[in-house]
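*Asks:* okay, here's the prediction I keep looking at, along with the sequence it came from:
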Number of protein chains: 2
Amino acid sequence: MARVLVTGATGFIGTHAVEHLVAAGHDIHCISRGGGDIPNVNWHRADLLGDEMALTALVSDIQAESLLHLAWTVAPGKFWNDPENLTWVAASLWLYRAFATAGGRRMVIAGTCAEYDWSAAHASKPLDEQSSAATPATLYGQAKKSTHDLLAAAARLDGLSLASGRIFSPYGPREKPGRVVSDVVMNLLRGQTVETTEGTQLRDFMHVSDVAAAFVALLDHDTTGAVNIATGIDLPLSRVLREIAALIGQPDLLRLGARAMAANDPPRLAASVSRLREEVGFVPKYDLISGLADTIEWYRRQLESPGTN
Amino acid sequence: MARVLVTGATGFIGTHAVEHLVAAGHDIHCISRGGGDIPNVNWHRADLLGDEMALTALVSDIQAESLLHLAWTVAPGKFWNDPENLTWVAASLWLYRAFATAGGRRMVIAGTCAEYDWSAAHASKPLDEQSSAATPATLYGQAKKSTHDLLAAAARLDGLSLASGRIFSPYGPREKPGRVVSDVVMNLLRGQTVETTEGTQLRDFMHVSDVAAAFVALLDHDTTGAVNIATGIDLPLSRVLREIAALIGQPDLLRLGARAMAANDPPRLAASVSRLREEVGFVPKYDLISGLADTIEWYRRQLESPGTN
């Protein structure tokens, strides 16, 4: 059992990560603006964007060995180029310094496939952690990349072990509305027609519980640097949407190709997972069908009794 | 005449930059912890590392069109890997947001040749602004590079014009003790023996008044991205030291090779200056001999009546 500090614990990946940490018997401390209601967790009400001295004192009091830093701005649709990304870089640097000063040993941050160069030359093959990340296409990607660059350089000097989990395409229970899987599942469950792009874009979809478990595995390991958090299997979005429609029993409500694809949507975002599989030793629990079935079941329960999760 | 906001105005390059800005007739506002005494300048006492809301309000009040951001941690010997570098990244992001929100149009930040990859493969030829900067060797280099990466991405979205002047080897009046040129000049003027390395390392030395004038030229121009601030002529350090000793008339007091070179001192840091010369149109005023002569003259006056500059 280790004392673990978690930020973003009330978020999409965070709630699942805390469940895995609880199951593993860790001593869990979460910093959250609004507190939280997951049992067997110590909640500390604080704003990561607030008073830096108060945050430093709180982190010093908690005396955690490990820090899983998942909090970031995630305003749907807006977060890609939200100026708030700069604020989160600054907050992450402060959090790191507070944790390092308090004697912290291991820190894992949430990275993103948006750190990679999405131009065709690079995205034609699976992105490995050494792939070009010279020019992220979005401020979000740049902010995540610069945060990792800075913290990796500082951690080397401080003798602190630091890794970044680069998230590709998570889906599953508690995903916010406005994302493709959550919207398609909800609409089909309601018997509504769903209009999508042709769905030729290749993505690596991973059940959020597996994403969260991979972060916990990474936190418990000593691998440093960037590690892709993905299944290693990239599929056309159309395949995923057809499986959802088939599992729900509403294939006729799915209208692939009714919408044009966004011009800046990269055709392929495939992940090399050799670091995650071989170095960290992580294997996902869900395959596509079992992961989608679990997700659909969760949304079905939501429709039947909203608010339960 | 434009309204210009300057940070780091009391520093080595900053004092010279303000002199050039005054000469050009700009409306100059400086933010400084301790205030300053250069005439024809509006001094605003504030701490860039202090309360962010107060800083934002101050920047909003000043309503400058241009911002020359030179302030950074410069503790001699320590700054290369000082954790304070992270604090200055965060402060620079806050300053940028305050300036952009206040309607600022043009921002120039101080970069460094330490942003480049110093490994032999890259440093064997002059460093141009497209040269690899994948892995700066120091936290200082990484912090300056990440600051530029982040602000360039944000500025593109905000429609703000942003450039970074990458400083190589400045020397001249008001340089802090503990740097090679200032120490050698002072010791030789005092008639003391000076022990140095062999001085085979190649560097691009530029008189600080020219460095500062280049920053002012860059601020008044619309070039974006990184621009090397250098002469384009790299010389062995031994040549510079011999010229100093000859100008002072104390060649026998210089003991080249008495000290071992630091293992991590790169053998060559040469700058391509085509962006500075051709795009910005800047030509330095001093050559090596006139620059060193001016510097020696300044230090001689310091020895005769300390405190005068």
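*Replies:* Alright, I've got the coordinates.
*Asks:* contacts only, for the closest residue to A:L253 other than its chain neighbours.
*Replies:* Sequence neighbours aside, A:T193 is the residue nearest to A:L253 in space, at 5.1 Å (criterion: C-beta to C-beta, 6 or more residues apart in numbering or on different chains). Placement of C-beta: from N, CA and C, glycine included. Applying C-beta atoms under 8 Å, 6 or more residues apart in numbering or on different chains to A:T193 gives the contacts A:187, A:253, A:255.
*Asks:* ramachandran coordinates for the first one?
*Replies:* Translated: A:N187. In this entry, A:N187 is assigned phi and psi values of phi -70, psi -40 (degrees, to the nearest 10).
*Asks:* with adjacent residues omitted, what lies nearest to it?
*Replies:* Take A:N187 and drop its neighbours on the chain: the residue closest to it by C-beta to C-beta, 6+ apart is A:V194, 4.8 Å away.
*Asks:* surely that neighbour meets A:M186?
*Replies:* No. Between A:V194 and A:M186 there is no contact under C-beta atoms under 8 Å: 9.4 Å.
*Asks:* neighbour count winner among the two?
*Replies:* Here A:V194 and A:M186 are compared on neighbour count by other C-beta atoms under 10 Å in any protein chain shown; more neighbours surround A:V194, at 21 against 18.
*Asks:* contact partners for the more buried one?
*Replies:* A:V194 makes contact with A:183-184, A:187-188, A:241, A:245, A:253-255, according to C-beta under 8 Å, 6+ apart.
*Asks:* show me what it bridges to in the sheet.
*Replies:* A:L254 (DSSP bridges).
*Asks:* need the pLDDT of it.
*Replies:* Residue-level confidence at A:V194 comes out at 96, pLDDT.
*Asks:* with A:A133 instead?
*Replies:* 63.
*Asks:* now A:P177, what are its backbone angles?
*Replies:* phi -60, psi 150.
*Asks:* ok, so what distance separates the closest residue in space to it that isn't next to it in sequence from A:I244?
*Replies:* With sequence-adjacent residues excluded and distances taken as C-beta to C-beta, 6+ apart, A:P177 is closest to A:D183, at 6.4 Å. Separation of A:D183 from A:I244 (C-beta to C-beta, to the nearest Å): 11 Å.
*Asks:* looking at these two, which is more packed in?
*Replies:* More crowded of A:D183 and A:I244, by other C-beta under 10 Å: A:I244, with 25 against 15.
*Asks:* go ahead and list the helix or strand containing that one.
*Replies:* Element membership of A:I244 [criterion: DSSP states H and E] is helix A:237-248.
*Asks:* do you have the strands of chain A handy? List them.
*Replies:* Using DSSP state E, the strands of chain A run over A:3-7, A:27-32, A:42-45, A:66-69, A:106-112, A:161-167, A:169-171, A:194-195, A:202-203, A:205-207, A:225-229, A:235-236, A:254-255, A:268-269.
*Asks:* how about residues contacting the second one?
*Replies:* Residues external to strand A:27-32 that are found in contact with it (C-beta under 8 Å, 6+ apart): A:1-7, A:9-10, A:18, A:21-22, A:36, A:38, A:40-46, A:48, A:55, A:58-59, A:62, A:64, A:71.
*Asks:* tell me the buried residues in it?
*Replies:* Neighbour-count burial for strand A:27-32, counted by 16 or more other C-beta atoms under 10 Å in any protein chain shown, picks out A:27-32.
*Asks:* in chain A, which helix or strand is least confident?
*Replies:* When the helices and strands of chain A are scored by mean pLDDT, DSSP states H and E, helix A:120-123 comes last with a mean of 58.
*Asks:* count of residues packed around A:T224?
*Replies:* For A:T224, the neighbour count with other C-beta under 10 Å is 17.
*Asks:* give me the pLDDT for the nearest residue to it once chain neighbours are set aside.
*Replies:* Spatially, and ignoring its direct neighbours in sequence, A:T224 is nearest to A:A163 (5.4 Å; C-beta to C-beta, 6+ apart). Note on A:A163: pLDDT of 98.
*Asks:* what sits against A:A163?
*Replies:* Residues in contact with A:A163 (C-beta under 8 Å, 6+ apart) are A:107-109, A:218, A:221, A:223-227.
*Asks:* what does A:D220 give?
*Replies:* By C-beta under 8 Å, 6+ apart, the contact list for A:D220 reads A:2, A:24, A:66.
*Asks:* can you tell me which of these has the most neighbours?
*Replies:* A:S66 (21 neighbours).
*Asks:* that one contacts A:M107, doesn't it?
*Replies:* Yes. With contact defined as C-beta under 8 Å, A:S66 counts as touching A:M107 (7.2 Å).
*Asks:* any low-confidence regions in the stretch 51-200 of chain A?
*Replies:* Applying pLDDT under 70 to the stretch 51-200 of chain A flags residues A:120-123, A:132-134.
*Asks:* would you mind listing what in it touches chain B?
*Replies:* Counting by C-beta under 8 Å from any C-beta of the partner chain, the residues of the stretch 51-200 of chain A close to chain B are A:81, A:83, A:86-87, A:89-90, A:93-94, A:96-97, A:100, A:134, A:136, A:138-139, A:142-143, A:145-146, A:149-150, A:153-154, A:157-158.
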